[in-house]
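1. predicted model follows, preceded by the sequence.
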Amino acid sequence: MLQSLTSNSCVRLIQSNKSTWYFLFLVLGYVLYLIFGAVVFSSVELPYEDLLRQELRNIKRQFLQENKCLSEERLEEFLAKALEASNYGVSVLNNASANWNWDFTSALFFASTVLSTTGKKTKGPLSSYINQHR
């Protein structure tokens, strides 16, 4: 008797709040998708990242052994500056030094992109729908 009352009330609760349950299942599916994606990417990328770290440590150690006049601190300073420059698109390598990221043509393209993608609101159907439902 108690089981039928409990199951009946659960069914009524679920049926009366269908949209809430759909939303909860959607959120749960989204979270599971994110977790599964993180596991897949981590299992694929982490071994290669570890290998690269080991290779870089070995190359650095070998370089310091071959060049006794250079301290590890000075090498770290140079590498930090090279990486900072690389983040801005400036390479320390000889074969990549001729390419400029902010020459006049590139700057002109960037300015035209900024001007063409910003501005006042559009008058399309989507914007009128959004304005009506505010």
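-> Noted; the coordinates are in hand.

2. report all helices and strands that the helix or strand where Tyr22 lies contacts.
-> Using DSSP states H and E, Tyr22 falls within helix 18-66. Applying 3 or more Cβ pairs under 8 Å, 6 or more residues apart in numbering; DSSP states H and E, we find helix 18-66 packed against helix 72-87. For glycine as for every other residue, the C-beta is placed from the backbone atoms N, C-alpha and C.

3. what residues sit buried inside the helix it packs on?
-> Neighbour counts over helix 72-87 (16 or more other Cβ atoms under 10 Å) mark no residue as buried.

4. mind listing what's buried in stretch 41-61?
-> For stretch 41-61, it's none, nothing buried (16+ other Cβ under 10 Å).

5. and it, how far from the chain's centre?
-> Counting by Cα atoms, centre = their mean, to the nearest Å, stretch 41-61 is centred 20 Å from the centre of its parent chain.

6. pLDDT on that stretch, on average?
-> The pLDDT scores in stretch 41-61 average 93.

7. same check on stretch 112-120?
-> Mean predicted lDDT for stretch 112-120 stands at 77.

8. same check on stretch 12-32?
-> For stretch 12-32, the mean pLDDT works out to 86.

9. how far does that stretch sit from the chain's center?
-> 29 Å.

10. may I have it exported as PDB, CA atoms only?
-> Only the C-alpha atoms of stretch 12-32 are listed here, as PDB (Å, rounded to 0.1, in the frame of the first residue of the first chain):
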ATOM      1  CA  ARG A  12       2.600  12.900 -10.400                       C
ATOM      2  CA  LEU A  13       5.600  14.900  -9.300                       C
ATOM      3  CA  ILE A  14       7.500  14.000 -12.500                       C
ATOM      4  CA  GLN A  15       4.500  14.600 -14.800                       C
ATOM      5  CA  SER A  16       3.700  18.000 -13.200                       C
ATOM      6  CA  ASN A  17       7.200  19.300 -13.600                       C
ATOM      7  CA  LYS A  18       8.200  17.800 -17.000                       C
ATOM      8  CA  SER A  19      10.100  20.900 -18.200                       C
ATOM      9  CA  THR A  20      12.100  21.000 -15.000                       C
ATOM     10  CA  TRP A  21      13.100  17.300 -15.300                       C
ATOM     11  CA  TYR A  22      14.000  17.800 -19.000                       C
ATOM     12  CA  PHE A  23      16.200  20.700 -18.000                       C
ATOM     13  CA  LEU A  24      17.900  18.700 -15.300                       C
ATOM     14  CA  PHE A  25      18.500  15.800 -17.700                       C
ATOM     15  CA  LEU A  26      19.900  18.300 -20.200                       C
ATOM     16  CA  VAL A  27      22.300  19.800 -17.600                       C
ATOM     17  CA  LEU A  28      23.300  16.300 -16.500                       C
ATOM     18  CA  GLY A  29      24.000  15.200 -20.100                       C
ATOM     19  CA  TYR A  30      26.000  18.400 -20.600                       C
ATOM     20  CA  VAL A  31      28.100  17.800 -17.500                       C
ATOM     21  CA  LEU A  32      28.700  14.100 -18.400                       C
END
